[in-house]
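Colleague: Structure for the following, please:
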Amino acid sequence: MLPKRILVPVDFSSDSLDALAYAREFATAFDAEIVLLYVVEPIYYATPADMYAVNANVATLLEEQRRAAEEQFARMVEKQASGGPRLRPMIKTGTASEVIAECARAERADLIILATHGRTGLAHMLMGSVAEKVVRTAPCPVLTVRGKKKPARKR
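Modeller: Model prediction:
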């Protein structure tokens, strides 16, 4: 099955833009559309009563994230207008791995291409791996693109 719709989650890091470069190659080869996805993740904090709440300042921060993503997407789409695969940006709110899998289902993506930051050890344990969760829950094949950060040498 040849991919006709490729979902590419981006956070605008160099790693996610490398994954987008891979997606562009695939999309060009298969005349596929690229659905760019940016996920705004809610920020929760514990109140003194151990309740989870969202502060007005946090809401402002989330809106700023959304606005910045819209600006980034506008520049990307404008740049791509001169040629290349079709780009369709979307911004969703929620837990990244869940939103990516849900979006792949809703958009009927044939392939997901996403970056993995290659965290190991404590960082992986504390932060988890969005890519790992997506691989486990995605309704379609997932191609992970490892970041360019070189692992430390073992001595």
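Colleague: For stretch 11-18, give the mean pLDDT please.
Modeller: For stretch 11-18, mean pLDDT rounds to 89.
Colleague: meant to ask about stretch 41-60, not that
Modeller: 62.
Colleague: biggest helix in this structure by residues?
Modeller: Determined from DSSP state H, the single longest helix within the chain is helix 56-80.
Colleague: next structured bit after that one?
Modeller: Downstream of helix 56-80, the next assigned helix or strand under DSSP states H and E is strand 87-93.
Colleague: Give the buried residues for that next one.
Modeller: For strand 87-93, a neighbour-count test (16 or more other Cβ atoms under 10 Å) marks 87, 89-90, 92 as buried. Just so you know, the C-beta spots here come from the backbone N, C-alpha and C atoms, and that holds for glycine as well.
Colleague: Please name the nearest non-neighbouring residue to Val145.
Modeller: Residue nearest to Val145 in three dimensions, not counting chain neighbours: Ala19, with 4.2 Å by Cβ to Cβ, 6 or more residues apart in numbering.
Colleague: correction: Glu33
Modeller: Leaving aside its sequence neighbours, Glu33 sits nearest to Arg86 (Cβ to Cβ, 6+ apart; 4.5 Å).
Colleague: Test my guess that that neighbour contacts Asp31.
Modeller: No: under the criterion of Cβ atoms under 8 Å, Arg86 is not in contact with Asp31, lying 9.1 Å apart.
Colleague: Tell me who's in contact with the closest residue to Leu111 other than its chain neighbours.
Modeller: What sits nearest to Leu111 in space, not counting adjacent residues and going by Cβ to Cβ, 6+ apart, is Pro3, at 4.2 Å. By Cβ atoms under 8 Å, 6 or more residues apart in numbering, Pro3 lies in contact with 26-27, 30, 32, 110-111.
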